[in-house]
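> I'd like to go over a predicted model; first the sequence, then the structure.
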Amino acid sequence: MSSTKTLPDIDISKKEILDDYRLAVASREASLIGRKEVFMGKAKFGIFGDGKELPQIALAKVFKPGDFRSGYYRDQTLMFAIGESSIQQYFAQLYAHTDIEAEPASAGRLMNGHFATRMLDENGKLKNLAKQKNSTSDISPTAGQMPRLLGLAWASKLFRNNKELKGYKNLSKNGNEIAFGTIGDASTSEGIFLETINAAGVLQVPMVISIWDDGHGISVPKDYHTIKGSISKALEGMQRSSQSNGIEILRVNGWDYPALCKTYEKAEAIARLEHVPVLVHVEELTQPQGHSTSGSHERYKSEERLEWERAFDCNRKFKEWILENEIVSEEEIHAIEVEGKNDAKNSRSIAWKEFTTSITEHRKEAAELIENAAKDYPELKEKLIFLSRELKGVINPLKMDAIRSVRKTLYLLRIRDSKSRKDLKKWLEVARERASENYSSHLYSESEESALHAGKVDPKYSPGSQTVDGREVLLSCFDAALERDPRILAFGEDLGKIGDVNQAFAGLQAKYGEMRVGDTGIREATIIGQGVGSALRGLKPIAEIQYLDYLVYALMTITDDLASLQYRTKGGQKAPVIIRTRGHRLEGVWHAGSPMGMILSSMRGIYILVPRNMTKAAAFYNTLFKSDDTALMIECLNGYRLKERLPDNVGEITEPLGIPEVIREGNDITIVTYGSMCRVAMEAARQLEDVDVSLEVIDIQTLLPFDINNMILESVKKTNRIIFADEDVPGGASGFMMQQVLEKQQAYKYLDSQPVTITAKDHRPAYSSDGDYFSKPSAEDIFEKAYALMAESDPSGFPDIF
Ligand SMILES: Cc1ncc(C[n+]2csc(CCOP(=O)(O)OP(=O)(O)O)c2C)c(N)n1
């Protein structure tokens, strides 16, 4: 058979078929060796793509430059087949190699099977995404890839339908790009899977989602997971028809090579040309080694099932098909198998050598320095030699082993100084710097466009400047931004037609079109997903969550995916989304929340902006529009109808991050607060004036970053007393602020009285103005706590009130 000959039922050359088989074998071998590496103690955990090789090879045939992947940990063969991971890099990740060249997906930060391509250059600028095959970075929470997948596909729709984006050739070729998703069958039970599929059908976006169905989610069979025991049957009502929109549902067996190739060709055509989402249910897949290195599947699969899995192993069926069709002889196929296996073995060996070389060097240096110290400190010789021997004896050493030994050595050497002690201290300093770079960099943008580089442009007012409702300040800011930059867009519930529930976008959809200012369904997780996906593709989305309390519905996507993105790719990917929401106080349990502690704990990697009025909010928006950082903007829910002067330069004002503002100077007590509480604190300050207490009110403006120049410390040096006030529960964000100021800024040294926090009650805020008064902190609460602070040092000057 000539290398160009094709089989009657499939238009693929012999060479391609054999290359596919070689890759399937190599990938399987990588899985088999990978598991052994873990059991030999060379890696900590392993999860592999064995049993899923064939469908991924078929999918890869239609994955074109410009396309995106949003998948999960079983996709190694797809990544090898599209040429975006080598087997060597795959092993480098298994070992946690921290060198980006060796492990470009996460530089050792993610466990194996978490794939990503580098979409940013070394300066943090987007590469030409339209020219390269792109894989967004995987996360472990199953189905967590789904909201982002929607956003990636939706961006193609924006690029195709928004004329103003036609010039961005490095981002898209007329929206022809498909977003390919993958997910395990059990994970389709997650709400975000169903939310995503529904939204994709509503939006009609080029998304191809493959479900790798191996019948189990770890040990639990699919009848426990999915209605009708089949996700494609369960979703039949979503199938598009001539009368309605919807999705296209295709079914195929995962061991059937020609059928898989044809199915993906069909899926590609529908998605790429028609912009219709396609769900490919790939059934009858297997998991030859079980779920992961954490257990063995013999514990929960019947002998009958295991027997079936052996017979229907996709690689085995592929080989049978090749032989049945006489594409090559047994001997030739054996030779291909040897090549494939050798490829995997060699890749493993090189990856291991590269990984261990730098560590062994590091260990050698440390051991020598410890031995030098043994010469300088004869009285400690025995202990030091023991430490050095212990270090040298570690099998499969890691970076931490050398650092740990040097730290322990320095504990012993504290008794006196010497050259060897100096050398060890220097070595440790360098090693720690390297560790910090390896394990703690890129939480936020480190590029020139970092939001931290923004300066301040003050509002300008003239005699003709109008006084308007706060929401109109925002409206003017958004209008100017949309006019200025076609990449900026905003979307959310009720944001399009009516211009959001507080009308800060009123009229802007009519002016800029639905592609720029749009309504969405009630589905917070995928609203954020639209933000993440479109931002990854170079757009500048404002993704609106209608009320702060409903952020919780999107929290999994924000915390697991968005917040960790730059960090987990070590600066390889970024998604500068602005999450817009409104909160702190207005009415009742679910429209007055201020769960800032929850936000602070779950959103490191996202800046948290808490402006006290709409002019400040506008200035922060303008800062963010220029930057490539991700931020959460919490506007004051009770501030839209308050009057503010409209700056003449509302489209240009900017506010730097991490710089608090003293909004009232005082000498007796510093109160640190933010958002709607600023007005309450100002009211309290006026009441306190009547009793001769001078309150300095500081608006922190941003919770993250927090007071980068230690301004609050300077205030405490003057007042020697401090109150932290907010609307969160006790110990929430007030606890964070206290830690930052007392511990980090060392303000405790200047305190004459105990630090005080004033917060909302432990419970959610009750309904009505009385509910608010008795749930949230009031000016009177501040007055009394401040008064009590003064009374502590001067009881006669401040007699008991009650
Ligand atoms: C949100 C979440 N819940 C639980 C887990 C633990 N977990 C990891 S994989 C897995 C099973 C997933 O099964 P399936 O989706 O069918 O994919 P498969 O591993 O079989 O390919 C579970 C429960 C997780 N990673 N994320």
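Cool, got the structure.
> Can you name the residue of the protein nearest the ligand?
Nearest residue of the chain to the ligand (CB to the nearest ligand atom) works out as G184 at 1.9 Å. For glycine as for every other residue, the C-beta is placed from the backbone atoms N, C-alpha and C.
> Tell me the bridge partners for that residue.
In this entry, G184 is beta-bridged to W212, by DSSP bridges.
> which ones are touching the residue lying closest to N720 once chain neighbours are set aside?
In space, N720 comes closest to D752 once its chain neighbours are excluded; the distance is 4.2 Å by CB to CB, 6 or more residues apart in numbering. D752 makes contacts with 720-721, 793, as judged by CB atoms under 8 Å, 6 or more residues apart in numbering.
> So for the helix or strand where I671 lies, mean pLDDT?
Following DSSP states H and E, the helix or strand that holds I671 is strand 669-673. Strand 669-673 carries an average pLDDT of 98.
> Check stretch 727-743 too.
98.
> neighbouring contacts of that stretch?
584-585, 594-600, 672, 675-677, 700, 703, 706-707, 712-713, 716, 722, 724-726, 747-748, 751, 755, 757-762, 776-777.
> and it, which residues are buried?
727-729, 732-738, 740-742 (16 or more other CB atoms under 10 Å).
> and of the residues you listed, the nearest to S329?
F736 (69.4 Å; CB to CB).
> Secondary structure element holding that closest one?
With DSSP H and E as the criterion, F736 is inside helix 733-738.
> Which other helices and strands does the helix or strand just after that helix contact?
Next along the chain after helix 733-738, taking DSSP H and E as the criterion, comes strand 756-758. For strand 756-758, the elements it packs on are strand 722-725, helix 733-738, helix 779-793, judged by 3 or more CB pairs under 8 Å, 6 or more residues apart in numbering; DSSP states H and E.
> Out of those, which is closest to M40?
helix 733-738 (43.5 Å).
> so how far is that closest one off the chain centroid?
How far helix 733-738 lies from its chain's middle: 24 Å, per CA atoms, centre = their mean, to the nearest Å.
> and L250, helix, strand or coil?
Following DSSP: H, G, I helix; E, B strand; the rest coil, L250 is assigned to strand.
> That one: how many residues sit nearby?
19 (other CB atoms under 10 Å).
> pLDDT added to the contacts of D752, as a markdown table?
Output for the contacts of D752, formatted as a markdown table (pLDDT from 0 to 100):
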| residue | pLDDT |
| --- | --- |
| N720 | 98 |
| R721 | 98 |
| S793 | 91 |
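> Between these, which sits nearest W321?
R721 (80.1 Å).
> How many residues are close by the closest one?
Look at R721: counted by other CB under 10 Å, it has 24 neighbours.
> number of nearby residues for the closest residue to it other than its chain neighbours?
Of all residues not flanking R721 in the chain, I669 sits nearest, at 4.4 Å (CB to CB, 6+ apart). Per other CB under 10 Å, the neighbour tally for I669 reads 27.
> if I pick I669, what's in contact with it?
693-696, 719, 721-723, 786, 789-790.
> can you rerun that using 7 Å?
693, 695-696, 719, 721, 723, 786, 789 (CB atoms under 7 Å, 6 or more residues apart in numbering).
> At the contact with the ligand, which residues of the stretch 201-350 of the chain appear?
For the stretch 201-350 of the chain, the residues found near the ligand under the criterion CB under 6 Å from any ligand atom are 212, 214, 216-218, 291.
> ok, of those, which come out buried?
The neighbour-count test (16+ other CB under 10 Å) marks 212, 214, 216-217, 291 as buried among these.
> coming back round to it: buried set for the helix or strand following the strand holding I671?
Next helix or strand after strand 669-673 toward the C-terminus (DSSP H and E): helix 677-689. Neighbour-count burial for helix 677-689, counted by 16+ other CB under 10 Å, picks out 677-682, 684-685, 687-688.
> Please export the C-alpha coordinates of stretch 84-102 as PDB.
Extracted C-alpha coordinates of stretch 84-102, given in PDB (Å, rounded to 0.1, in the frame of the first residue of the first chain):
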ATOM      1  CA  GLU A  84       1.600  21.800  22.100                       C
ATOM      2  CA  SER A  85       3.200  19.400  24.600                       C
ATOM      3  CA  SER A  86       6.000  17.000  24.200                       C
ATOM      4  CA  ILE A  87       6.200  13.800  26.200                       C
ATOM      5  CA  GLN A  88       9.300  15.200  27.800                       C
ATOM      6  CA  GLN A  89       7.400  18.300  29.000                       C
ATOM      7  CA  TYR A  90       4.700  16.000  30.200                       C
ATOM      8  CA  PHE A  91       7.200  14.100  32.500                       C
ATOM      9  CA  ALA A  92       8.800  17.400  33.500                       C
ATOM     10  CA  GLN A  93       5.400  18.400  34.900                       C
ATOM     11  CA  LEU A  94       5.000  15.100  36.700                       C
ATOM     12  CA  TYR A  95       8.300  15.700  38.500                       C
ATOM     13  CA  ALA A  96       7.300  19.400  39.200                       C
ATOM     14  CA  HIS A  97      10.200  20.900  37.200                       C
ATOM     15  CA  THR A  98      10.100  24.700  37.900                       C
ATOM     16  CA  ASP A  99      11.900  25.700  34.700                       C
ATOM     17  CA  ILE A 100       9.500  27.300  32.200                       C
ATOM     18  CA  GLU A 101      11.500  25.900  29.300                       C
ATOM     19  CA  ALA A 102      11.200  22.400  30.600                       C
END
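> what's in contact with that stretch?
By CB under 7 Å, 6+ apart, stretch 84-102 touches 26, 30, 34, 37, 42-43, 46, 76, 79-80, 103-108, 112, 115, 117, 133, 135, 343-344, 347-348, 350-352, 354-355, 438, 570.
> Okay, and which of those residues map to strands?
Secondary structure assignment by DSSP state E places S135 of these in strands.
> Of the contacts of stretch 84-102, which belong to helices?
Secondary structure defined by DSSP state H assigns 26, 30, 34, 37, 76, 79-80, 343-344, 347-348, 350-352, 354-355, 438 of these to helices.
> give me phi/psi at R516?
Phi and psi for R516, reported as degrees, to the nearest 10, are phi -100, psi -40.
> Tell me which residues touch it, please.
Counted by CB under 7 Å, 6+ apart, R516 has contacts 482, 489.
> Go again with 10 Å.
R516 makes contacts with 158, 162, 164-165, 482, 486-491, 496, 505, 508-509, as judged by CB atoms under 10 Å, 6 or more residues apart in numbering.
> top of those residues by neighbour count?
F505 (31 neighbours).
> Need phi/psi at K643.
Per-residue torsions, K643: phi -80, psi 140 (degrees, to the nearest 10).
> Which residue, other than its chain neighbours, is closest to it?
T467 (5.1 Å).
> Against R109, how distant is the one you found?
Remark: distance between T467 and R109 (CB to CB, to the nearest Å) = 51 Å.
> and those two? which has more neighbours close in?
Higher neighbour count among T467 and R109: R109, with 22 against 9, using other CB under 10 Å.
> Just the pLDDT at the residue nearest to K643, thanks.
98.
> Show me the shaky parts of the stretch 551-700 of the chain.
Low-confidence segments of the stretch 551-700 of the chain (pLDDT under 70): none present.
> who in it is up against the ligand?
Within reach of the ligand by CB under 6 Å from any ligand atom, the stretch 551-700 of the chain has no residues at all.
> Can you give me every residue that contacts the nearest residue to D185 once chain neighbours are set aside?
Of all residues not flanking D185 in the chain, D213 sits nearest, at 3.9 Å (CB to CB, 6+ apart). Residues in contact with D213 (CB under 10 Å, 6+ apart) are 55, 183-186, 188, 222, 226, 230-232, 251, 253-254, 281-285.
> Next, check those residues against the helices and list the overlap.
Within the contacts of D213, residues falling in helices by DSSP H are 55, 231-232.
> can you put these in CSV and add pLDDT and neighbour count?
Formatted as CSV, the ones in helices among the contacts of D213 follow (pLDDT from 0 to 100; neighbours: other CB atoms under 10 Å):
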residue, pLDDT, neighbour count
P55, 98, 30
I231, 97, 26
S232, 98, 22
